[in-house]
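K.L.:
from the sequence below, what's the structure:
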Amino acid sequence: MKLSILDQSPVSSGGSAQEALHASVNLAVNADKWGYTRYWMAEHHDMTGLACPNPDVMLGIIGSRTERIRIGAGAVLLPHYKPFRVAETYNLLATLYPDRVDLGIGRAPGGSAEASMALSGNFLENVRHMPETLAELRKFLQQDFSSDEMYAKIKPSPVPATPPVPWLLGTSGKSAILAAEYGLPYVFGYFMSDEDGPGITQQYTEILAEKHPDKEAKKIVAVSVICAETSEEAEELALSSQLWSVQQAKGEGDGKLPSVKEARNYTYTDEDIAMVRNMRKRTIIGNPGEVIQELARLEALYNTDEFMVLTNVHSYEARKRSYELLINEILD
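P.N.:
Sure thing, here's the model as predicted:
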């Protein structure tokens, strides 16, 4: 089983975006030493509780501070951008950090409708053109425009010896089908979907085998995990992320990740409790042995050997320790 990290760079209550971003760099440096496979930064816009609107900038810093781990976006929200610009950026990263760069691609807005308008105008129209935009991006990365196409004479310089590896991220059959048809590896967002994940990833595998019989079905499942020395400690750490989910859904608070103390003092309605129960269905909470046991179950269910782990808790030290305990359990 391979483990990777998806980092949303959460901002804790009482803290700042600067502290969250520094914590992300520190976590990446440690993940490189511990033996994680990849470190991907997420993209969000105008969100007080999530500090990173631009994974590209963070990856430049993280790449310079690490030696081995693959770095990437989870994801570049492609409807906001022109493919040539994305190809230039990730070719630059792949030139700086050879054979270490992934380019995760998503179609979500990553923020409010107003933020989407400010970024790229008519976002929904751009989403409709996602297949064509993705095809154009792949051609820029692979340098395979035909001679009669408009962009045949330009290159997204610098062109690295090993191009960045594109992945498509999603939570639905539509994204799985698109990834398979284009022959791309696929990441399923288990932590944010109530859909039939095993069915969706199996559909991806079947269509890929039909359309691209020469390609291996590479799949990653992204999971939310809170791990601690004991089950009781993990449950306590989970209280802050549970309240955070409730506050986000209700538009309460300042958007930052609340503390365990705040979570204990909060008065939950029956609707809140139902929401928390639903969130917990998609979150693995426990000691290292319990977490690995659940990952092993999902490994068989999804027929995958790699998980991308998302851990959002109030304490940055507890978040780092969660990742450390998890990888040590695997390596032992």
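
K.L.:
let me know the secondary structure of the spatially most central residue of the chain.
P.N.:
The structure's the chain has its C-alpha centroid closest to Gly74; by Cα atoms, centre = their mean the separation is 3.6 Å. What DSSP: H, G, I helix; E, B strand; the rest coil gives for Gly74 is strand.

K.L.:
so how far is Asn26 from it?
P.N.:
18 Å (Cβ to Cβ, to the nearest Å). In short, each C-beta sits where N, CA and C put it, glycine included.

K.L.:
for the stretch 1-150 of the chain, which segments count as strands?
P.N.:
Assigned by DSSP state E, counting those that start in this stretch, the strands in the stretch 1-150 of the chain fall at 2-7, 38-41, 70-77, 101-106.

K.L.:
Serialize the ones you listed to TSV and add fields for distance to Asn287.
P.N.:
TSV is the format used below for those (distance: least, Cβ to Cβ, whole Å):
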stretch	distance to Asn287
strand 2-7	16
strand 38-41	24
strand 70-77	26
strand 101-106	30
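
K.L.:
between those, which gets nearest to Glu195?
P.N.:
strand 101-106 (15.5 Å; Cβ to Cβ).

K.L.:
measure stretch 250-262 end to end?
P.N.:
16 Å (Cα to Cα, to the nearest Å).

K.L.:
may I see the buried residues of it?
P.N.:
Judged by neighbour count using 16 or more other Cβ atoms under 10 Å, the buried positions of stretch 250-262 are 253, 255-260, 262.

K.L.:
state the pair within the residues you listed that is farthest apart.
P.N.:
Gly255 and Val260 (17.9 Å).

K.L.:
check the secondary structure at Asp194 for me.
P.N.:
Here Asp194 is coil, with the state taken from three-state DSSP.

K.L.:
wait, I meant Val309
P.N.:
The three-state label given to Val309 by three-state DSSP is strand.

K.L.:
count the residues that sit near the residue nearest to it when sequence neighbours are not counted.
P.N.:
Leaving aside its chain neighbours, Val309 sits nearest to Val225 (4.9 Å; criterion: Cβ to Cβ, 6 or more residues apart in numbering). Neighbour count of Val225, defined by other Cβ atoms under 10 Å: 22.

K.L.:
picking that back up, can you tell me which of the buried residues of stretch 250-262 is nearest Leu96?
P.N.:
Leu257 (31.6 Å).

K.L.:
so the closest one sits right up against Ser315, yeah?
P.N.:
No. Between Leu257 and Ser315 there is no contact under Cβ atoms under 8 Å: 9.6 Å.

K.L.:
intersection of neighbour lists for these two?
P.N.:
Counting by Cβ atoms under 8 Å, 6 or more residues apart in numbering, the contacts common to Leu257 and Ser315 are Ser12.

K.L.:
returning to what we had before: between the strands of the stretch 1-150 of the chain, which one is closest to Ser322.
P.N.:
So among the strands of the stretch 1-150 of the chain, strand 2-7 is nearest, using Cβ to Cβ, at 10.6 Å.

K.L.:
hmm, back to that, could you dump the buried residues of stretch 250-262 to a markdown table with secondary structure and pLDDT?
P.N.:
Listed next are the buried residues of stretch 250-262 as a markdown table, based on DSSP: H, G, I helix; E, B strand; the rest coil; pLDDT from 0 to 100:
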| residue | secondary structure | pLDDT |
| --- | --- | --- |
| Gly253 | coil | 92 |
| Gly255 | coil | 95 |
| Lys256 | coil | 97 |
| Leu257 | strand | 97 |
| Pro258 | coil | 97 |
| Ser259 | coil | 97 |
| Val260 | helix | 97 |
| Glu262 | helix | 96 |
